[in-house]
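Undergrad: no FASTA, just this:
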C-alpha cells in the first residue's frame, strides 16, 4: 500500500504534515500553521450508542448489519464506541452478542473500535416513565448469573452495566459486578438518596443519561437528580443532541461536576440515519427536525443523532470553543473508561478525523480508521 500524506492543525496546537502507510503513522514533521489547514482531531468516543440504519447492537442478524452501524459511526467521526444493548428477550440478546463476538474476534479493526459494551438492557425500573421506552416484558431484577451468561456470549466484552439500586438484590449485584471489574451506571431508576449513596459505596461511579429515562412527573425534592448532582463520585452521561436536555441543564451539570465528570453521549437509536417517518410497528416517530419520540407520550425513543452532534451542541448552546467541545466528546469520555486514543506520532494507529469549524458547526470532511478513509455522510 502506498503512503498517504496529510497535513493539518492538531487539537493540542501546532501544525504537522504526516504520512500513513498500512494503517500506521510512519512520519511526522512540523509545518507552519495556517487558517487554510483543516483540523486533525482525535476520533470521537461514544459511550452509549445503540445502533443505526435500522439495525441494533441488541438484535444483530448478520455481519452486514454490524458493519452498517459501524460505518455510519466512522462517517460521523466516531472511532471508539461502547456498543449499547437495550431491552430485548435474553435469547435475542445472547444470539446478537455471539455474532458480535465472532466478528470482533476475526476483525482487528472492529475489535479495537468496539472497545467494549454497555448493558443498558434489562436491569432497570419496572415503573412506567422511569422505564422510558423500554419493553416491560423484558425487564428483570438484577441477576448476576443471568448477566454472566450474556457476558460470556459477548466474549466478556461488557465494560459497563446499568442497574437500578432500589430493586431487591441490586446492591449485591453491584458488589459482584464491581468485584468482576465491571463499571456500574445508575439509570432508568428512582432510588432514594440513601440508596444512591450505598450504590456508590459499593462501586457505582456513573449515571446513565442523566435526567432522561425518568418519569415526566417527579416530586420536586424526592427524586434521584439532586443526589446524582450532589455526589462527587458520580460521573454523568449527558445526551447532548438538543432534544434530550436543555442547554441550562448541561451547563449546571458542567459547573457542578466539572468537565472530567460530564460525558456527552449520543444515545443514537437503531433509527439514526433513517429518513423521517413512523417506525417500531407504528409506536415511534422520527420527525423531520431529528426529534425521535414515542407517539402519544412525552417520552423520547433514543436519539437520531451521532456524537458529532454533541460537539455542535456544546459550541452552539454553551459557547464552547471548537477544540474544547471536541475534547469533551473525545478525550474526556475516553479517559473515563481508561482508553488512550491514537495520537499523531510515528508508530501510532492511523485513526483521526479531518474537519473544520464553520459557524459553530463541526464540518467533518472524512474520518480515517486505521488508514482507511470514510467520507462524511
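TA: It's in. Owing to the predicted nature of the structure, the values given are computational and were not obtained by experimental measurement.

Undergrad: beyond the worst-scoring helix or strand of the chain on mean pLDDT, next helix or strand please.
TA: Lowest mean confidence among the helices and strands of the chain (mean pLDDT, DSSP states H and E): strand 292-294, at a mean of 90. Counting by DSSP states H and E, the next helix or strand C-terminal to strand 292-294 is helix 307-318.

Undergrad: report the mean per-residue pLDDT for that next one.
TA: What helix 307-318 shows for mean pLDDT is 98.

Undergrad: what residues does that helix touch?
TA: For helix 307-318, the external contacting residues (C-beta atoms under 8 Å, 6 or more residues apart in numbering) are 44-46, 49, 73, 76-78, 240-242, 247, 250-251, 254, 264-266, 268, 303, 320-322, 324-326, 328-329, 357, 360-362, 364. All C-beta spots, glycine's among them, are computed from the backbone N, C-alpha and C.

Undergrad: before we move on, back to that, what packs against the least confident helix or strand of the chain?
TA: strand 284-286 (3 or more C-beta pairs under 8 Å, 6 or more residues apart in numbering; DSSP states H and E).

Undergrad: now tell me what touches stretch 18-34 from outside.
TA: The contact list for stretch 18-34 (C-beta under 8 Å, 6+ apart) reads 1-7, 9, 14-17, 344-350, 368, 370-372.

Undergrad: let me see the contact set for residue 274.
TA: Neighbours of residue 274 in contact, by C-beta under 8 Å, 6+ apart: 53, 54, 286, 304.

Undergrad: how about a cut-off of 6 Å?
TA: If you count contacts by C-beta atoms under 6 Å, 6 or more residues apart in numbering, residue 274 has none.

Undergrad: and the gap between the closest residue to residue 265 other than its chain neighbours and residue 163?
TA: If you skip the residues right next to it in sequence, residue 265 has residue 48 as its closest partner in space, 3.9 Å away by C-beta to C-beta, 6 or more residues apart in numbering. In this view, residue 48 and residue 163 are 15 Å apart by C-beta to C-beta, to the nearest Å.

Undergrad: same thing with residue 92?
TA: From residue 92 over to residue 163 (counting by C-beta to C-beta), the distance is 20 Å.

Undergrad: if you count surrounding residues, which of these two has more?
TA: residue 163 (28 against 16; other C-beta atoms under 10 Å).

Undergrad: does the more buried one really touch residue 142, like I thought?
TA: Yes. Between residue 163 and residue 142 there is a contact at 5.2 Å, judged by C-beta atoms under 6 Å.

Undergrad: list the residues that contact both of the two?
TA: 123, 170.

Undergrad: residue 329 and residue 262, how far apart?
TA: Residue 329 sits 10 Å away from residue 262, taking C-beta to C-beta as the criterion.

Undergrad: got a pLDDT number for the closest residue to residue 2 other than its chain neighbours?
TA: Nearest residue to residue 2, sequence neighbours excluded (C-beta to C-beta, 6+ apart): residue 21, at 7.4 Å. Residue 21 is assigned 97 on the pLDDT scale.

Undergrad: give me the buried stretch members for the helix ranked longest in the chain, please.
TA: The single longest helix within the chain, with elements called by DSSP state H, is helix 90-106. For helix 90-106, the neighbour count (16 or more other C-beta atoms under 10 Å) marks 90, 92, 93, 94, 95, 96, 97, 99, 100, 101, 103, 104 as buried.
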